[in-house]
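**Q** for reference, the sequence and a predicted model appear below.
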Amino acid sequence: MPIRRIRWLCCLLIASVIVGCGNSEIVGGHFGLVGAMIAERVADIVVDNVFLRATDVVPGCELFLKFEGLNPAGSVKLKTAVSLVEHAERSGALRPGGRIIESSSGNLGIALSLVCAERGYRFTCVCDPNVPELSVAFMRATGAEVFRVDRRDGNGGFLQSRIEYIRQRITEDAGLVWLNQYANPANPAAHSSRTAKSIHAELGRVDYLFVGAGTTGTLVGCADYFRVHSPRTRIVAVDTVGSVTFGHPPGVRYVPGLGTSRRPELCQGLHVDRVVQVEEADAVRACRTWAQERGLLLGGSSGSVLHAVESLGAELSAGSRIVALSPDFGDRYLSTVYDDDWVAGHFSSVPPGVAVG
């Protein structure tokens, strides 16, 4: 059995119980036994109700860290991928045997490669040098074509360059279907109908919801849901220093997942209660601290979100219930976020910690 599948099944087993662990515990909601989940498609296997409860991150408050990596694609983006593809199928843009092209910093590319392989579509992922090699290997293993753009755009990132390449490709080849996760309403719809709804159903009262902002699909979807169904919930957007999403100055970034060098169309008119920008060094430090002190390896975006929670902790009301979204786990970042040499070469302020080899 492949190592990745073993890891996923182990996570699934943990999700079916409540496990006390110091000041943390795994809360599995109504999931029940592992054998109760029987799916007809791989992409249908999404565990959407598993939270790690921690009472020592923000004194006097409960933090619920929602695990979004408990699925075969390993991230929250599986829900996005299914929604984007099904939207294209319903609209008639995507027909049997069709060809899809999309820009991704890693996780959506992995999710789309899985969905396309399962449904018989050919997929080209346009990514950049910041995407981990493990992510590229996963996409290629499932039959995807991977093209890396290595030219930085005017804001120091790669997003605009990736999109320009896609525009060139679809101009030259009318048979390619660009899903365009940055402007497609099917992106936030996945998280309004699934991610946010599951949070509300499992936990009821949520005082603060911390969500990382990349394409802003997850953020917009969650904000849309809670504005209607729980308007008292304060929505906190977590961005990366160097990202232009919320009008801040551009800068070079190294950790994929959060932030943009081009403002996504989806976030036009977005209303959140707070935007917190996190230095990438602080996100890396948070990831490595949680690995060493709690035995939990998280992705870089999760590190940003957790640092944001801790940095605002003193401002949050005592007794608050805080939910933070963890988009993926740290296995695909072992050669970057958790590698001492890589970290030393990019963030001199982060002390040595979990390393590879």
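**A** Happy to help now that I have it. Numbers count the residues shown, from 1 in each chain.

**Q** which residues in the stretch 101-250 of the chain form helices?
**A** For the stretch 101-250 of the chain, the helices defined by DSSP state H, counting those that start in this stretch cover 107-119, 133-141, 159-172, 186-190, 196-203, 217-229.

**Q** deepest of the ones you listed, which one?
**A** Mean neighbour counts were compared across the helices of the stretch 101-250 of the chain using mean count of other Cβ atoms under 10 Å; the top stretch is helix 107-119, at a mean of 25. (Each C-beta comes from the backbone N, C-alpha and C, glycine too.)

**Q** what does that one contact?
**A** With Cβ atoms under 8 Å, 6 or more residues apart in numbering as the contact definition, helix 107-119 has outside contacts at 41-43, 72-78, 80-82, 84-85, 100, 102, 104, 121-123, 125, 127, 131, 135, 138-139, 142-144, 146, 179, 181, 215, 257, 327-328.

**Q** from the residues you listed, list the buried ones, please.
**A** Neighbour counting with 16 or more other Cβ atoms under 10 Å marks 43, 72-78, 80-82, 84-85, 100, 102, 104, 121-123, 125, 127, 131, 135, 138-139, 142, 144, 146, 179, 181, 215, 257, 327-328 as buried within these.

**Q** among those residues, which ones are in strands?
**A** Residues from the buried ones among the contacts of helix 107-119 lying in strands, with DSSP state E as the criterion: 100, 102, 122-123, 125, 127, 146.

**Q** report the two of those residues separated the most.
**A** Greatest spatial distance in these: 122 and 127, 16.6 Å, computed using Cβ to Cβ.

**Q** look up how far residue 228 lies from the nearest residue to residue 280 once chain neighbours are set aside.
**A** The shortest distance from residue 280 to any residue other than its chain neighbours is 5.0 Å, reached at residue 255 (Cβ to Cβ, 6 or more residues apart in numbering). Using Cβ to Cβ, to the nearest Å, one gets 33 Å for the distance from residue 255 to residue 228.

**Q** cool, residue 131 as well?
**A** Taking Cβ to Cβ as the criterion, residue 131 is separated from residue 228 by 35 Å.

**Q** state the pLDDT value of the closest residue to residue 62 other than its chain neighbours.
**A** With sequence-adjacent residues excluded and distances taken as Cβ to Cβ, 6+ apart, residue 62 is closest to residue 321, at 5.2 Å. At residue 321, the pLDDT value in this model is 98.

**Q** residue 321: neighbouring residues, count only.
**A** Burial measure for residue 321: 17 neighbouring residues, criterion other Cβ atoms under 10 Å.

**Q** doesn't residue 64 make contact with it?
**A** Yes - counting by Cβ atoms under 8 Å, residue 321 sits close enough to residue 64 to count as a contact (7.0 Å).

**Q** I'd like to know how many residues surround residue 319.
**A** The tally of other residues near residue 319 (other Cβ under 10 Å) stands at 9.

**Q** correct me, but it touches residue 61?
**A** Yes - distance between residue 319 and residue 61: 6.8 Å, which falls inside the contact criterion (Cβ under 8 Å).
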